[in-house]
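In: Build the 3D model from these lines:
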Amino acid sequence: MKKIILSLSLLAMSFSSLAADITEKDLQGYMKALPAVADWSQNQDSLKSMDLGSMLGGSEGGSTAMALGALGTIKDNDLYKEFAALTNKYGFTPEQLITVGSEVSMAYLENIKGNLSPENKDKVNQLMGGLQSMSGSKHNSASSMMGTLGNSANAASTGAQVVSESNLKLIKEYMPQLQKLFARVQ
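Out: So this is what the prediction gives:
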């Protein structure tokens, strides 16, 4: 129960600032940090069952909650200071890295939607809608977050833009590099 509450608290804190534009510097720092974070997590005995690299990058739009859960596990195993030292080398706190990763993932998904079948587009919209509904929540109580998580399908059907135009343009420029990066860390 403690882990669930911690994960939900982290999720609420992270998503309250999620809808921000990322800069090119943020994206480049994220792209440099992701392989190092993936390598670091694979060398931690207590994290062997997790694939932190896949959680923080790639086309898994729903991975943010899992990454925040992994951050809770990192804290539970007294690895947070070591993890923070690693992410700080790239200009991020662990929470900032997850937030930037969320924005990158959503923009990445939005950019690849054009090549998908209608059924797969619906799945991507649901994933992105869930992220959008969580980003809109300013409440950090467990009950409000659980309600928010339960409403992801409704958020997907509203048709509102989930990703800023600025993030879409930036990620579009980096699509080939991101595809290679995500293939490497997954």
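In: pLDDT value on residue 113, please?
Out: According to the prediction, residue 113 has pLDDT 81.
In: Same question for the one 3 residues further on.
Out: Residue 116 carries a pLDDT value of 72.
In: what about the protein, any weak spots by pLDDT?
Out: Where the chain drops to pLDDT under 70, the residues are 1-19, 51, 54-55, 57-65, 124-161.
In: Please, where are all the helices along it?
Out: Here the chain has its helices, by DSSP state H, at 2-15, 24-42, 52-56, 63-76, 80-88, 94-112, 118-135, 142-150, 152-157, 165-173, 175-185.
In: same for the fourth one, what does it pack against?
Out: Just to be clear, that refers to helix 63-76. helix 2-15, helix 52-56, helix 80-88, helix 94-112, helix 118-135 (3 or more C-beta pairs under 8 Å, 6 or more residues apart in numbering; DSSP states H and E). Where C-beta positions appear, they are placed from N, C-alpha and C, glycine not excepted.
In: Next: the second one.
Out: Applying 3+ C-beta pairs under 8 Å, 6+ apart, one finds that helix 24-42 contacts helix 52-56, helix 80-88, helix 94-112, helix 165-173, helix 175-185.
In: Look at residue 184 and say how many residues are nearby.
Out: By other C-beta atoms under 10 Å, 12 other residues sit near residue 184.
In: Which residue, other than its chain neighbours, is closest to it?
Out: Of all residues not flanking residue 184 in the chain, residue 35 sits nearest, at 6.6 Å (C-beta to C-beta, 6 or more residues apart in numbering).
In: any idea how far the one you found lies from residue 115?
Out: With distances taken as C-beta to C-beta, to the nearest Å, residue 35 is found 26 Å from residue 115.
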